[in-house]
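>>> Got a predicted model here, sequence first, then my questions.
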Amino acid sequence: METLSDAEKVCILALMHTPGIGAVTIRQLISYCGGAENVFQADYKRLIKIPGIGDKVVKAVLGKNTMELAERELLQCRKTGTQLLFFTDPSYPARLRPLYDAPIALYAKGNTDFNWPRTVGIVGTRKISEYGKAVTEQIVRELVPYQPLVVSGLAYGVDITAHRHCIRNNVATLGVMASGVDVIYPAVHQRTALEMQDNGGIVTENALGTKPDFMRFPARNRIIAGLSDVTIVVESGRTGGSLITVEFAQNYHREVFAVPGMIGEAQSEGCNFLIRDNKAAIFTSVPDMADALGWIAGVPEAAPVVAIEPMSFEGFTQDEGQVLALLKQWGAIQIDELAWQSGIHLNRLATLLLNLEFQGMVRSMPGKKYGLI
């Protein structure tokens, strides 16, 4: 996948800032038009024919009122050393890409590999107890041999405890924020956020300068869940952000563990209920969790490089050959992503894939994915 041009980046940002347009609509527009630039170059008649795109959205896009704002934002990101990761970028987190509510773009600072081999989310109450602090420290210490990326939310309590112990134990850690990457919240964690960027970083889906209003925290929690292979809830009351994170993790078919706590303690009620209701496995130790996940201590070995015989596209149409070439390059890929990469409209692409299935070249997979046979 080639790096996006500045013009394409600006057009995606402009769509993100267009009122009344969400992530699903943006993907729909880009998929059908073959790129964000093409969206803004299209006329009313073409855009209004796209399924799910109404008159109000078309007029908002054609107004191009957010283009100047998008240009300024791209420039500001470069001035502040903020990395922009669009959902079409190779470095965009592979764990997020297939999710139905994945962010269109991420703003990041640090040196994090978002496709780290193992990722662990550590979440919990802001009102952490001494028991919770001790357990969080134990979890991070026991994670060292498995060398994961620890994901949390930079909040008070369990989050900041996890981040700080990761720094002390040289464990890579990533803070997912409900604000802009330049607005550290709470402000007292600014030093920790800066230290995290040496071995990890901070990331958000919010534009520079965004303040952390209430509704952004549940959205932040879905990113924590989506980035994590497994989420550990250390302490939680009956309600709170941690339980929202658990709901997202379950929707994404990710593993969830909860630390059992003392009966009657408010900070433990959420964890105990998760275990009681079979919404989380009981956490006893990292080695026990690793055994359940099939992890072996040490850095996961890189996949062996296998020589692939060149594929002949003789006998296929140009569009069919393009689809086969992309499937060969990417392996299993969602149809929306395939439409974006190929520039072929979804209706036309669905017909091509069906024909290739009949020819024994392509197979359909769960999650609207396709791959070569």
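Looks like it came in fine.

>>> Sketch out the strands for the protein, chain order is fine.
Taking DSSP state E, the strands of the chain run over residues 83-86, 105-110, 119-123, 149-152, 173-176, 200-204, 230-233, 255-258, 281-282, 333-334, 362-365, 369-372.

>>> Next, name the residue at the spatial heart of the chain.
Averaging the C-alpha coordinates of the chain gives a centre point, and the residue nearest to it by CA atoms, centre = their mean is Leu96 (3.1 Å).

>>> who's in contact with that residue?
87, 102-103, 223, 226-227 (CB atoms under 8 Å, 6 or more residues apart in numbering). C-beta: built from backbone N, CA, C; applies to glycine.

>>> One more: Asp229?
95, 118-120, 254-255, 293 are the contacts of Asp229 under CB under 8 Å, 6+ apart.

>>> swap in Asp55?
Residues near Asp55 by CB under 8 Å, 6+ apart: Ile48.

>>> From Pro260, how far off is it?
Distance, Asp55 to Pro260, by CB to CB, to the nearest Å: 55 Å.

>>> tell me, how many neighbours does Lys9 end up with?
By other CB atoms under 10 Å, 23 other residues sit near Lys9.

>>> Assess the claim that it and Leu74 are in contact.
Yes: here Lys9 lies in contact with Leu74, judged by CB atoms under 8 Å, at a distance of 5.8 Å.

>>> What segments of the stretch 1-150 of the chain are helices?
6-17, 23-33, 36-41, 44-48, 55-63, 67-79, 130-143 (DSSP state H, counting those that start in this stretch).

>>> re earlier: what is the nearest of the contacts of Leu96 to Lys133?
Using CB to CB, Leu227 is the member of the contacts of Leu96 that sits closest to Lys133, with 23.7 Å.

>>> thinking that closest one is in contact with Val151, fair?
Yes: contact criterion CB under 8 Å: Leu227 and Val151 qualify, at 5.0 Å.

>>> who touches both of the two?
The contact sets of Leu227 and Val151 overlap at 119, 121, 174, 176 (CB under 8 Å, 6+ apart).

>>> between the residues you listed, which is nearest Gln197?
Gln197 has its nearest neighbour among the shared contacts of Leu227 and Val151 in Leu174, at 9.9 Å by CB to CB.

>>> is it true that that closest one touches Ser228?
No: Leu174 lies out of contact with Ser228 (CB under 8 Å); the separation is 9.7 Å.

>>> Endpoint to endpoint, stretch 258-268 covers what distance?
Between the opening and closing residues of stretch 258-268 lies a distance of 10 Å (CA to CA, to the nearest Å).

>>> hmm, who's touching that stretch?
Counting by CB under 8 Å, 6+ apart, 125, 127-129, 131-132, 135, 232-237, 269-272, 274-275, 279-283 sit against stretch 258-268.

>>> circling back to that earlier point, out of the shared contacts of Leu227 and Val151, which is nearest to Phe248?
Using CB to CB, the shared contacts of Leu227 and Val151 come closest to Phe248 at Gly121, 10.0 Å.

>>> who does the closest one bridge with?
For Gly121, the beta-bridge partners under DSSP bridges are Val151, Thr231.

>>> That one: what's it in contact with?
Neighbouring residues of Gly121 by CB under 8 Å, 6+ apart: 150-152, 224-225, 227-228, 230-232, 245, 249.

>>> So how do I select the buried members of these in ChimeraX?
Buried subset of these, written as a ChimeraX selection, criterion 16 or more other CB atoms under 10 Å:
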select :150,151,152,224,225,227,228,230,231,232,245,249
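
>>> Could you dump the contacts of Gly121 into TSV with distance to Thr192 and pLDDT added?
Output for those, formatted as TSV (distance: CB to CB, whole Å; pLDDT from 0 to 100):
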residue	distance to Thr192	pLDDT
Val150	13	98
Val151	15	98
Ser152	11	98
Ile224	17	98
Ala225	22	97
Leu227	19	97
Ser228	20	97
Val230	23	97
Thr231	21	98
Ile232	20	98
Thr245	20	96
Ala249	24	95
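
>>> My guess is Arg238 contacts Glu269. True?
Yes: taking contacts as CB under 8 Å, Arg238 lies within contact range of Glu269: 5.0 Å.

>>> More neighbours: which of these two?
Glu269 (17 against 10).

>>> and the gap between the more buried one and Arg363?
With CB to CB as the criterion, Glu269 and Arg363 are 47 Å apart.

>>> And for Thr161?
46 Å.

>>> who has more neighbours, the two?
More neighbours surround Thr161 than the other of Thr161 and Arg363, with 23 against 15 (other CB under 10 Å).

>>> so how far is Lys279 from the closest residue in space to that one that isn't next to it in sequence?
The shortest distance from Thr161 to any non-neighbouring residue, by CB to CB, 6 or more residues apart in numbering, is to Thr136 (4.6 Å). According to CB to CB, Thr136 stands 21 Å off from Lys279.

>>> again with Gly343
In terms of CB to CB, Gly343 sits 43 Å off from Lys279.

>>> cool, and Arg78?
Arg78 sits 43 Å away from Lys279, taking CB to CB as the criterion.

>>> Which one's more surrounded, those two?
Each of Arg78 and Lys279 has its neighbours counted (other CB under 10 Å); Lys279 has more, 16 against 12.
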